[in-house]
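A.B. asks: missing the sequence, but the structure's below:
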Ligand SMILES: [Ca+2]
Ligand SMILES: [Ca+2]
């Protein structure tokens, strides 16, 4: 039997096969399975893995499920003749947590004039993505928006804050719109000196 000088080959497969969130993120913990073959050689002795490109290699004992975080899973196999495969890597982005979002209980404004609304939002893992307002505005990181109501009244406004992975938090508020006439405030009064 000729000497085995060819390293084994490891392949990585994930379940589910495709990322479950947006922009390459997973929103449920994916599982990686490593399998190695050493065709016509001495046979696979073991598979090893580690996270990041430094540190000790760990013996692979079975499928690896990844929680929240940004992961670089490095792996290689070694055959029974001691040939070591060049390391391979798969990157996995996991965000399981919806953003935090808060909005003021109420906003005030005047009919026919734009009211500026804002929401405080943050997301530690994938970051804030699309923000969608029930007033009609939607955009990447759109945490502030202006809207004009033509008639006095109390208006419910809701906002959906999504992280880049697709996890969503909803918050709502009320906008109270008055008319200038009802309040007695008018542009003429601004000129009156005390
Ligand atoms: Ca081999
Ligand atoms: Ca998140």
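C.D. replies: That came through, no problem. Predicted model only: the values in this text are computed from it and were never measured. Ligands and ions are numbered 1, 2, ... in the order given.
A.B. asks: now do the helices in the protein.
C.D. replies: For the chain, helices defined by DSSP state H occupy the ranges 180-183.
A.B. asks: what residues does it have near ligand 2?
C.D. replies: Residues of the chain found near ligand 2 (Cβ under 5 Å from the ion) are 95, 97, 123, 125, 163, 167. C-beta here means a position set from N, CA and C on the backbone, and glycine is covered the same way.
A.B. asks: if I pick the last one, what's in contact with it?
C.D. replies: Yep, that's residue 167 we're talking about. Shown in contact with residue 167 (Cβ atoms under 8 Å, 6 or more residues apart in numbering): 21, 27, 95, 96, 97, 98, 99, 123.
A.B. asks: ok, the third one next?
C.D. replies: Listed by Cβ under 8 Å, 6+ apart, the contact set of residue 123 reads 95, 97, 98, 99, 100, 163, 164, 167.
A.B. asks: if we use 7 Å, what do you get?
C.D. replies: Residues near residue 123 by Cβ atoms under 7 Å, 6 or more residues apart in numbering: 99, 163.
A.B. asks: pull up the gap between it and residue 72, please.
C.D. replies: Separation of residue 123 from residue 72 (Cβ to Cβ, to the nearest Å) stands at 21 Å.
A.B. asks: tell me how far residue 169 lies from residue 99.
C.D. replies: The spacing between residue 169 and residue 99, counted by Cβ to Cβ, is 5 Å.
A.B. asks: now do the shared contacts for these two.
C.D. replies: With Cβ under 7 Å, 6+ apart as the test, residue 169 and residue 99 both reach residue 161.
A.B. asks: if we can go back for a sec, just the residues of the chain next to ligand 2: which are in strands?
C.D. replies: residue 163 (DSSP state E).
A.B. asks: what is the nearest of the residues of the chain next to ligand 2 to residue 116?
C.D. replies: For the residues of the chain next to ligand 2, the minimum distance to residue 116 (Cβ to Cβ) is 22.7 Å, reached by residue 123.
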